[in-house]
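> Here is a sequence with its predicted model. Questions after.
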Amino acid sequence: MIIASRESALALWQAEHVAERLRALYPAMRVRILGMTTQGDQILDSPLSKIGGKGLFVKELETAMAEGRAHIAVHSIKDVPMNLPEGFQLAAIGEREDPRDAFVSGTYASLDALPAGARVGTSSLRRECQLRARFPQLIVEPLRGNVQTRLRKLDEGQYDAIILAAAGLKRLGLGARIRNEISPEQSLPAVGQGALGIECLAGREDLVALLAPLNHSATADCVRAERAMSRTLGGSCQVPLGGYAQIADGVLNLRGFVAEIDGSRIISGSVSGPCQDAERLGCQLADQLLALGAGAILAALSA
Ligand SMILES: NCc1[nH]cc(CCC(=O)O)c1CC(=O)O
């Protein structure tokens with residue numbers, strides 16, 4: 001089994017995690033990781049929202065599968081476009097790590113402790129608009145690169161604080177850098193944040209069966225709902241949008257929002273229903289947000 005992966009420390013951790021699970025499940029299977037650099041890793045001087053977004057992190061991995069150089073690809077599902085290219089499918093969704101955003105700073109204990117004019121690093125439009133809405137006195141500045149690069153830029157003093165996904169830091173053993181996790185009420189996570197996606201060629205039902213033990217059905221239902229919402233809204237990195245589902249007692253609750261980048265307007269809503277209706281719930285919430293005026297925001301962004 002050859003697993004295609006980006007070469008960032010987090011991507012390799014995630015691929016190795018899947019490799020270890022497969023080795024434990026199938027002792028006779030030889031598993032190896034094929035590390036590759038993607039365009040998303042190379043173009044580091046522009047925000048993702050300007051260079052075409054998520055597809056840039058997965059294309060090379062898909063080419064490796066199409067050419068028979070790898071069987072599966074392990075991704076942060078957050079980085080996987082809502083519509084996979086023809087010929088590919090998601091074979092499994094792994095159990096979600098902490099879905100929250102994390103506040104990281106050497107000097108300050110929390111967002112609330114930041115003085116007016118403090119510089120907060122993030123290149124996520126979703127994080128930016130939620131920050132601007134709550135803390136208009138802060139300065140949001142672009143921050144790109146892999147997790148280690150972002151921490152280094154903070155440590156060098158380019159920012160007073162940065163916001164990162166808690167999941168990435170925890171997986172890399174850097175959880176101690178987190179000053180606090182930001183609640184979903186204050187920063188609704190990105191669609192799929194904290195969950196792994198395993199991709200393979202369409203039609204490889206043999207691989208889907210092999211990977212079935214790695215599929216975490218509650219996470220998969222949540223991620224399906226979140227992605228259906230984003231897909232219906234035409235979601236991409238260009239859109240400040242968040243979506244987060246949770247399941248309690250068999251009932252799936254999905255919250256979502258679309259916003260103006262400056263945080264001046266946030267259109268949010270939620271839906272609940274049975275887990276097996278995950279996709280329908282996602283579409284329903286998207287329709288609800290569109291009815292509240294999300295369409296005008298989305299149209300202005302794509303103009
Ligand atoms: N956009 C990059 C990216 N893709 C996945 C993660 C973190 C892990 C995850 O959300 O699963 C990150 C870093 C971040 O947002 O801080």
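Yep, that arrived. This is a predicted model, so every value here is computed, not measured.

> For stretch 202-218, list every residue counted as buried.
204, 207-208, 210-211, 214-216, 218 (16 or more other CB atoms under 10 Å). From N, CA and C alone the C-beta is placed, and that goes for glycine too.

> Closest one of the residues you listed to residue 87?
Nearest to residue 87 among those is residue 204, at 10.5 Å by CB to CB.

> Between the two ends of stretch 205-225, what distance do you get?
Stretch 205-225 has an end-to-end distance of 23 Å (CA to CA, to the nearest Å).

> Need the contact partners of that stretch.
When contacts are defined by CB atoms under 8 Å, 6 or more residues apart in numbering, stretch 205-225 is touched by residues 18, 21-22, 25-26, 71-72, 77, 89, 91-96, 191-192, 195, 197-198, 200-201, 243-247, 252, 254, 275-276, 278-279, 281-282, 285.

> at 6 Å what do you get?
Residues outside stretch 205-225 that contact it (CB atoms under 6 Å, 6 or more residues apart in numbering) are 21, 25, 77, 91-96, 192, 195, 198, 200, 245, 247, 252, 254, 275, 278-279, 281-282.

> Residue 301 - how many residues pack around it?
For residue 301, the count of nearby residues is 18 (other CB atoms under 10 Å).

> Tell me how far it lies from residue 32.
42 Å (CB to CB, to the nearest Å).

> Residues in a beta bridge with the residue of the stretch 1-150 of the chain found nearest the ligand, which ones?
Relative to the ligand, the nearest point of the stretch 1-150 of the chain is residue 76 (3.4 Å; CB to the nearest ligand atom). Note on residue 76: beta-bridge partners by DSSP bridges are residue 196.

> Would you double-check that residue 268 falls in a strand?
Yes: the assignment for residue 268 by DSSP: H, G, I helix; E, B strand; the rest coil puts it in a strand.

> still on that earlier bit, which among the contacts of stretch 205-225 end up buried?
77, 91-94, 96, 192, 195, 198, 200, 245, 247, 252, 254, 275, 278-279, 281-282.

> Restricted to helices, list these.
278-279, 281-282 (DSSP state H).

> possible to save those residues as JSON lines with pLDDT?
Shown next, in JSON lines, are those (pLDDT from 0 to 100):
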{"residue": "278", "pLDDT": "98"}
{"residue": "279", "pLDDT": "98"}
{"residue": "281", "pLDDT": "98"}
{"residue": "282", "pLDDT": "98"}
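
> How much space separates the closest residue to residue 242 other than its chain neighbours from the ligand?
Nearest residue to residue 242, sequence neighbours excluded (CB to CB, 6 or more residues apart in numbering): residue 188, at 3.5 Å. Using CB to the nearest ligand atom, to the nearest Å, residue 188 is found at 13 Å from the ligand.
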